[in-house]
Structure formats: C-alpha cells, structure tokens
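In: Give me a 3D structure for the following:
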Amino acid sequence: MMRRTANALWCHRTAYAGLAAIYGAGCLGLVDKDVVAQGATAIYVALTVQQH
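Out: A predicted model of the protein is given here:
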C-alpha cells in the first residue's frame, strides 16, 4: 500500500514538472502553442494510463 502511494506521488510530481516545463517553454517562445498542446495532452494521457 505504501509503495503504491509513493509511486502515485512520484508519477504526479513528474507529470506536473513536465507540464510546467512545456508551458514554460511555450511562454518563453521556445515552442509554439500547438506543441504545448500536444505535449500537455501526452502528459495527461500518460498519467491517466499509468493510474489504471
């Protein structure tokens, strides 16, 4: 039980760090908004798939 909880927290932290990175890159103009949308969608899908 504790291991599952720790794994879930780690995955959420990684996902939120990825979201922050992709949105930050969009704000800085390093990537366009389509790439930001695709990256955010991929991160959300990966997080959802991992939970099930």
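
In: which residues of this protein score low on pLDDT?
Out: Applying pLDDT under 70 to the chain flags the ranges 1, 6, 51-52.

In: Excluding chain neighbours, give the residue nearest to the spatially most central residue of it in space.
Out: What sits nearest the mean C-alpha location of the chain, by CA atoms, centre = their mean, is A15, with 3.0 Å. Nearest non-adjacent residue to A15, counting by CB to CB, 6 or more residues apart in numbering: L47, 4.5 Å away. Where C-beta positions appear, they are placed from N, C-alpha and C, glycine not excepted.

In: try D32
Out: The nearest residue in space to D32 (CB to CB, 6+ apart) is G26, at 7.6 Å.

In: residues in contact with that neighbour?
Out: D32, K33, V35, V36 (CB atoms under 8 Å, 6 or more residues apart in numbering).

In: Number of residues surrounding M2?
Out: By other CB atoms under 10 Å, 6 other residues sit near M2.

In: That one and H12: what is the separation?
Out: From M2 across to H12, the span is 16 Å (CB to CB, to the nearest Å).

In: for T41, same thing?
Out: For T41 relative to H12 (CB to CB), the value is 17 Å.

In: okay, these two: which has more neighbours?
Out: Taking neighbours as other CB under 10 Å, T41 and H12 compare with H12 leading, 13 against 10.

In: That one is in what secondary structure piece?
Out: Assigned by DSSP states H and E, H12 falls within helix 2-27.

In: counting contacts, what elements does the following helix or strand past that helix pack onto?
Out: Later in the chain than helix 2-27, the nearest helix or strand by DSSP H and E is helix 33-51. Counting contacts by 3 or more CB pairs under 8 Å, 6 or more residues apart in numbering; DSSP states H and E, helix 33-51 packs against helix 2-27.

In: so the helix it packs on versus helix 33-51, what angle?
Out: Between helix 2-27 and helix 33-51, the angle comes out at 180 degrees (axes from the mean of the first three to the mean of the last three CA atoms, to 10 degrees).
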